[in-house]
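Novice: with the input below, show me the fold.
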Amino acid sequence: MTSGPNTPTPAPAAPASAAPEPAAPRAGRREWTALGVLMLPLLFVSMDVSILFYALPAIGADLEPGSTQQLWILDMYGFVLAGLLITMGALGDRVGRRKVLIAGTVLFAAASLAAAYAQTPGALIAARALLGVGGACLMPSTLALVRNLFHDPGQRARAVAVWTTVLATGISVGPVLSGALLEHFWWGSVFLVNLPAMALLLVLAPLLLPESKSPARGRFDILSAVLSLAALLPLIHGIKELAKHGYQPLPALGIGAGLALGFVFLRRQARLVHPMVDLALLRRRSFGGPAAVNLLAMAATVGFAPFFSQYMQSVLGKSPFEAAMWSLVPSLGVMVAAPVGGALARRFDRGHVMAGGFLVSAAGFLWLTGTGVDSPLWTTLAGSAVYAGGLVSAMTLANELALGAAPPERAGSAAAVLESGQELGGALGMALLGSVGAAVYGRDMSGTVPAAVPDAARETLGGAVAVARQLPGEPGDTVLAAASRAFTHSLDMAAAGAAATMLGAAVLSFVLLRGVRTPR
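Specialist: Presented below is the predicted three-dimensional model:
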């Protein structure tokens, strides 16, 4: 029956209450097993950053590289890794992160084999460059796949905590494994140890890791890839060269060129429909803030690490293997602090918890400013455990927040941006804290050793140890004692600089990340 003009119209229905937001799917046993598989490449890629620290003397005796070649053998891996992270992260978003992970695994294994049996310095440098390419395929893919495996924020936070802990542990374990292998085998064994893990990854990755990629069909921008590499390589290389040798025109020119090319790269990203780096994502507090504090965190930890290792060996007289084993003690602080930070972040404001973690790290560094030649070893290890625990707990929360802010389809490029910032932060830390330490050491030595002592003793602790061995009796002991005092003073000042950096990270966390929540 049709309604007439006087038929009352039905009253509008009361608005239904807003439907609750559906819970994110929770990961099961398969996803957690897949996380364990992803930790294999991450562990070995991070180990290769530091695994040559104690193998260089054996390599030098066998291959007889020049001083410049020796530096490239040590640094080539990190340079190529840092320069290609953004490119490989974006490539994984477009063609598939599992495909890039598997390709990187094959390349990493082949490069490890080539490095182990290299017969010339040039061949070893080339193999280290290929290792960097493989590592650049692996690192952003692991973090991006974590983003796509764990959708529940609580589970993702625990997974990212595992990722960050494995990354930090790998850098610490590299020298230990190197020292252990060199006790029994030749230097090539430090590369062959990668092969079993890579073989296992090739078997398990297709079975346990789902493929994921962006639904966008934009073409891969080769020009942006070239620009990112051309910007990061001279920038990071120039910073490291300035840290090692002081001001020189060529490294300074490289830094200027890298900054200029970086500006061109960013301008190009702003104009592309499918950019390699999402600038809008960088402007979000939930992503740009964590990227900034992570850069500061890596500046402090990487910049201070050489002081700790030299103190253990040249001041306390530990063997390389003993020093490497003692360096694992601070990892205990990491294992305790990382889950505690995650638990606190579930109850309190994340920005406040991160600021607290960085303040704890600053306290650990301030503790180390009292280090002296005769300080008990336990005090140095305790201070190191405090700074490492606070720093990694805050970094874990930063990584988890940034990864949650990134859309799943851009997880690869977002992870690459985070990791590139960490690499840049490490280079800046080595330059700034290294410069502070070198200035303090040189000033102290110039005022204490006679003018007749060779200049090498005034430049580095290693140079002073070499000079002391050439001087007979008391003069050699005098130079070595003066160098030990000067170096511990430089360590104290570097620790103060690292503490100031951590205070800056705490302020940034409090100001930028207060009230920011992980998106669902």
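Novice: can you count the residues close to Gly473?
Specialist: 7 (other CB atoms under 10 Å). No exception for glycine: its C-beta is placed from N, CA and C like everyone else's.
Novice: sorry, slip of the keys, the one I care about is Gln119.
Specialist: Around Gln119 there are 9 residues (other CB under 10 Å).
Novice: now the phi/psi pair for it, please.
Specialist: phi -100, psi -10 (degrees, to the nearest 10).
Novice: buried stuff in the helix or strand that Ala438 is a member of?
Specialist: Assessed by DSSP states H and E, Ala438 sits inside helix 411-446. For helix 411-446, the neighbour count (16 or more other CB atoms under 10 Å) marks 411-438, 440-442, 444-445 as buried.
Novice: cool, and stretch 503-517?
Specialist: 503-506, 508-510, 512-513, 516.
Novice: narrow these to those in helices?
Specialist: 503-506, 508-510, 512 (DSSP state H).
Novice: right, and the pair among the residues you listed with maximum separation?
Specialist: Maximum pairwise distance in these, criterion CB to CB, is 14.8 Å, between Leu503 and Leu512.
Novice: ok, the spatially most central residue of the chain - contacts?
Specialist: Centroid-nearest residue in the chain: Gln422, 5.0 Å away (criterion: CA atoms, centre = their mean). The neighbourhood of Gln422, defined by CB atoms under 8 Å, 6 or more residues apart in numbering, consists of 294-295, 297-298.
Novice: between these, which is closest to Ala127?
Specialist: Nearest to Ala127 among the contacts of Gln422, counting by CB to CB, is Met298 at 26.0 Å.
Novice: pick out the most distant pair among the buried residues of stretch 503-517.
Specialist: Longest span within the buried residues of stretch 503-517, CB to CB: Leu503 and Val516, 20.3 Å.
Novice: related to what we said a few turns ago, mind putting the buried residues of stretch 503-517 into a markdown table with pLDDT and distance to Gly357?
Specialist: As requested, those are arranged in a markdown table below (pLDDT from 0 to 100; distance: CB to CB, whole Å):
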| residue | pLDDT | distance to Gly357 |
| --- | --- | --- |
| Leu503 | 93 | 12 |
| Gly504 | 91 | 14 |
| Ala505 | 91 | 9 |
| Ala506 | 92 | 8 |
| Leu508 | 89 | 12 |
| Ser509 | 88 | 8 |
| Phe510 | 87 | 11 |
| Leu512 | 82 | 15 |
| Leu513 | 80 | 12 |
| Val516 | 66 | 15 |
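Novice: could those be laid out in TSV, adding distance to Gly60?
Specialist: Formatted as TSV, those follow (distance: CB to CB, whole Å):
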residue	distance to Gly60
Leu503	40
Gly504	39
Ala505	38
Ala506	42
Leu508	42
Ser509	43
Phe510	48
Leu512	46
Leu513	46
Val516	49
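Novice: closest one of these to Pro206?
Specialist: Using CB to CB, the buried residues of stretch 503-517 come closest to Pro206 at Val516, 37.1 Å.
Novice: where's the residue nearest to the centre of the chain relative to Ala280, distance?
Specialist: For Gln422, the distance to Ala280 equals 22 Å [CB to CB, to the nearest Å].
Novice: and what of Leu177?
Specialist: 42 Å.
Novice: Ser446 now?
Specialist: On the measure of CB to CB, Ser446 and Ala280 end up 52 Å apart.
Novice: output the below-cut-off pLDDT ranges for the stretch 101-250 of the chain.
Specialist: Scanning the stretch 101-250 of the chain with the threshold set as pLDDT under 70 gives 172, 213-218, 243-246.
Novice: let's see 80
Specialist: 143-144, 147-158, 160-184, 209-221, 232-233, 236-248 (pLDDT under 80).
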